[in-house]
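Asks: here is a sequence with its predicted model. Questions after.
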Amino acid sequence: MVSKSPSLDLEYLRVAIPSLQKVVPQSVGWTLLYVFLRFGVLRRRTADFSNRTVSFIHAVVAIYMCARCLPTWGALLENVGGANTMAHLECMTLSLGYFVYDFFYCLLNNEVENVVHHMFTVGGLASGVITGRSGPELVGCLFLMEVSNPSLHLRSMLRELNMKDSLLATLNDLLFALLFLLCRLIVGPPLVWRTVVNDSNTYIVKAGALGIFVVSVMWGWRIIMMIVRTVKKLFGGAKAKKV
């Protein structure tokens, strides 16, 4: 019994260490992609537009990789605190590289809320990769975070393209609000709870889950208020026309 535990740890480390070594090159890769867009293809657009393009690409890739690990919605709550699979490790490593890049971008641009959000995210993902556990819930959390992000970034990009009042922008706003509220404030809390009460998870993973949930509640409240204002404006406009 005593001899098996170290061998299992060493076996995992043989896989985890090369994966961790990819984080820095991947962060550099995301940074170079931003530089290419900012000073090349999208040089006439703002820095935020280029960064959101990078974030949009990451979100699409992350959603695909997470979905491979989560064949059903029920899989979100299965095997919480369990060992990582290679699919979990690849998914977490890719996103870890991206969030390190975006952390420094947000830090340089004084985006305080995103900096706090990314600190919890990077801490949780790094802990999962290093310890070899918590992959199931970390990938589940990553999926719930990223699934609404393409719409979020597209929302800002459409504004810069002067398409704020277009049908596409309206439909995208609705899709973003529905996905965010569903994934982060309805599906997310049970996963956060099971992550926090699970004894196998490190305190960093638990703190990360709670921190992201708190930030999500703050953002969710703003989205709800935005929906309320929009509905009031629509009904107010309709009444004014009748009068």
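Replies: Sure thing, it's come through. Residues are numbered from 1 along each chain as shown.
Asks: OK, contacts around the residue nearest to Ile212 when sequence neighbours are not counted?
Replies: Spatial nearest neighbour of Ile212, chain neighbours left out: Phe120 (5.2 Å); criterion: CB to CB, 6 or more residues apart in numbering. Quick note: C-beta positions are derived from backbone N, CA and C, even for glycine. By CB atoms under 8 Å, 6 or more residues apart in numbering, the contact set of Phe120 is Ala207, Gly208, Gly211, Ile212, Val215.
Asks: just the buried residues of the biggest helix by length in the chain, please?
Replies: Longest helix in the chain, counting residues (DSSP state H): helix 203-242. Buried residues in helix 203-242, defined by neighbour count with 16 or more other CB atoms under 10 Å: 204-209, 211-213, 215-216, 219-220, 223.
Asks: which one of those residues is nearest Leu138?
Replies: Val205 (7.0 Å; CB to CB).
Asks: surely the closest one touches Leu138?
Replies: Yes. Val205 lies in contact with Leu138 (CB atoms under 8 Å); the separation is 7.0 Å.
Asks: what touches both of the two?
Replies: Joint contacts of Val205 and Leu138 (CB under 8 Å, 6+ apart) are Gly124, Gly128.
Asks: just give me the neighbour total for Pro25.
Replies: Close neighbours of Pro25, defined as other CB atoms under 10 Å, add up to 10.
Asks: which element is it on?
Replies: In this structure, Pro25 sits in helix 23-36 according to DSSP states H and E.
Asks: show residues contacting that helix.
Replies: Contacts for helix 23-36 (CB under 8 Å, 6+ apart): 50-51, 54, 57-58, 93-94, 96-98, 100-102, 105.
Asks: one more time with 7 Å
Replies: Ser50, Asn51, Val54, Thr93, Leu94, Leu96, Gly97, Tyr98, Val100, Tyr101 (CB atoms under 7 Å, 6 or more residues apart in numbering).
Asks: with neighbour count added, can I get those in CSV?
Replies: Converted to CSV, those look like this (neighbours: other CB atoms under 10 Å):
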residue, neighbour count
Ser50, 22
Asn51, 22
Val54, 22
Thr93, 22
Leu94, 21
Leu96, 24
Gly97, 22
Tyr98, 28
Val100, 22
Tyr101, 24
